[in-house]
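Asks: quick one: sequence and predicted model below, then my questions.
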Amino acid sequence: MKVININQCYLYLNKKFNKKGLELSKHDFYTMVSHLLNVSFLNAKMVTLINGNVFNKLKKYSKKLITGMPIQYVLNSANFCGFDMYVDSSVLIPRFDSEALIPIIVKEVLDNDNVLDLCSGSGALGIATVKLAEEQNKFLNLTCADISEKALNISKKNCYKNYVNAKFVLSDLFDKIDEKFDVIICNPPYVKNSEYEGLDKMVKDFEPKLALVSGDSGLEFYEKIIPQLKDHLTYRGKIYFEYGLHQENDIKKLLIKDFRCIKIIKDNSGNNRFISAVKRD
Ligand SMILES: C[S@@+](CC[C@H](N)C(=O)[O-])C[C@H]1O[C@@H](n2cnc3c(N)ncnc32)[C@H](O)[C@@H]1O
């Protein structure tokens with residue numbers, strides 16, 4: 001079988017990028033190599049030779065990457081809290097920023113809690129919570145709910161891939177949900193209509209608008225969800241929301257009637273990005 005020097009392979013692919021005035025980043029290149037060889041990123045950087053099969057796949061991936069497609073969609077793979085999630089352009093790529101919320105939820109959940117991941121997309125938030133709670137001998141019952149059938153199927157696939165048992169509900173927010181939960185995790189769309197055009201081209205061109213935009217204020221989802229929470233949370237049940245920069249005061253105002261112990265939590269970049277609260281007795 002044909003064997004190719006990896007540096008020559010990089011130069012060959014990078015030339016294609018250069019022709020379009022672009023550069024193939026070494027990070028993306030070794031991410032693709034590590035994915036194809038199923039080795040860590042560091043080990044991928046030690047590889048010197050690849051076979052023709054791997055080279056052909058690198059060419060195929062590069063064709064997509066050159067269009068501006070995020071590498072996670074190219075590889076159908078995103079890492080979230082150390083767990084591999086299948087992603088394609090019908091779900092938002094789970095964000096590194098969102099990871100900061102998971103250990104906080106894991107610390108506060110109790111064994112056998114019923115957990116709802118509302119607006120679940122790839123299912124990353126719910127799945128990572130279940131997996132990390134398991135490591136602390138807390139076994140959770142997960143339900144994923146989303147309005148998008150394609151997204152819900154991806155969350156199913158990711159549960160299967162990560163050995164998580166869950167229920168799946170195709171629902172416009174709580175429309176098809178009758179149950180009560182001990183914990184609800186929700187990262188809803190929160191971008192203002194007017195902000196959408198200003199988003200990164202990579203996001204606009206490849207990520208689903210349905211996962212991002214929430215009316216003129218960016219708050220429409222919180223305004224719809226929060227008044228319904230008391231009927232879907234058990235006694236002293238907890239809500240954990242992700243939100244966009246500077247939305248915390250508006251969300252706090254919406255929560256104050258039915259919730260106490262309202263806490264603001266920072267993301268991995270030190271910005272206030274999550275809010276948790278406990279249902280009033
Ligand atoms: C910001 S994404 C979050 C996805 C995932 N939880 C994450 O953090 O990566 C928002 C999700 O809400 C879903 N969504 C939008 N409108 C909805 C609605 N009315 N009811 C339920 N889900 C909705 C979208 O399909 C999308 O998957």
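Replies: Yes, it's here.
Asks: quick check: the residue nearest to Leu110 when sequence neighbours are not counted vs the ligand, distance?
Replies: Of all residues not flanking Leu110 in the chain, Lys138 sits nearest, at 6.6 Å (CB to CB, 6 or more residues apart in numbering). Just so you know, the C-beta spots here come from the backbone N, C-alpha and C atoms, and that holds for glycine as well. Separation of Lys138 from the ligand (CB to the nearest ligand atom, to the nearest Å): 21 Å.
Asks: quick one: contacts for Lys138?
Replies: Contact partners of Lys138, counting by CB atoms under 8 Å, 6 or more residues apart in numbering, are 106, 109-113.
Asks: isn't there a strand covering it?
Replies: No: Lys138: not assigned to a strand; according to DSSP: H, G, I helix; E, B strand; the rest coil it is coil.
Asks: on that earlier part again, let's have the contacts of Lys138 in CSV, adding neighbour count.
Replies: Compiled in CSV, these are given as follows (neighbours: other CB atoms under 10 Å):
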residue, neighbour count
Val106, 20
Val109, 23
Leu110, 10
Asp111, 10
Asn112, 10
Asp113, 21
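Asks: which residues in the protein form strands?
Replies: Along the chain, counting by DSSP state E, strands occupy 3-5, 49-51, 78-80, 83-85, 114-118, 141-146, 166-170, 181-186, 233-242, 259-266, 272-279.
Asks: would you mind saying which of those strands lies nearest the ligand?
Replies: Among these, the nearest to the ligand by CB to the nearest ligand atom is strand 141-146 (4.5 Å).
Asks: who does that closest one pair up with?
Replies: If you go by DSSP bridges, strand 141-146 pairs up with strand 114-118 (parallel), strand 166-170 (parallel).
Asks: roughly how far apart are Ser122 and Asp113?
Replies: To Asp113, Ser122 is 21 Å away according to CB to CB, to the nearest Å.
Asks: didn't Ile262 look like it was pressed against Ile256?
Replies: Yes: counting by CB atoms under 8 Å, Ile262 touches Ile256, with 7.1 Å between them.
Asks: in TSV, list the strands of the chain along with distance to the ligand.
Replies: Shown next, in TSV, are the strands of the chain (distance: least, CB to the nearest ligand atom, whole Å):
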stretch	distance to the ligand
strand 3-5	37
strand 49-51	32
strand 78-80	8
strand 83-85	9
strand 114-118	6
strand 141-146	5
strand 166-170	9
strand 181-186	8
strand 233-242	7
strand 259-266	15
strand 272-279	11
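Asks: what's the closest of those to Ser34?
Replies: Closest of the strands of the chain to Ser34 is strand 78-80, at 11.0 Å (criterion: CB to CB).
Asks: for the closest one, packing partners?
Replies: Helices and strands touching strand 78-80, by 3 or more CB pairs under 8 Å, 6 or more residues apart in numbering; DSSP states H and E, are strand 83-85, helix 124-134.
Asks: tell me the strands beside that strand, with direction?
Replies: Applying DSSP bridges to the sheet, strand 78-80 is found paired with strand 83-85 (antiparallel).
Asks: got the residues of this protein near the ligand?
Replies: Contact residues, the chain versus the ligand (CB under 6 Å from any ligand atom): 91-92, 94, 98, 119-122, 124-125, 146-148, 151, 172-173, 187-189, 210-211.
Asks: just the helices and strands packed on strand 78-80: most buried one?
Replies: Most buried of the helices and strands packed on strand 78-80, by mean neighbour count (mean count of other CB atoms under 10 Å): helix 124-134, with a mean of 25.
Asks: for the ligand, see how far away Lys59 is.
Replies: Counting by CB to the nearest ligand atom, the separation of Lys59 from the ligand is 30 Å.
Asks: need the contact list for that residue.
Replies: Residues in contact with Lys59, defined by CB under 8 Å, 6+ apart, are Leu13.
Asks: give me the pLDDT for it.
Replies: Predicted confidence (pLDDT) for Lys59: 98.
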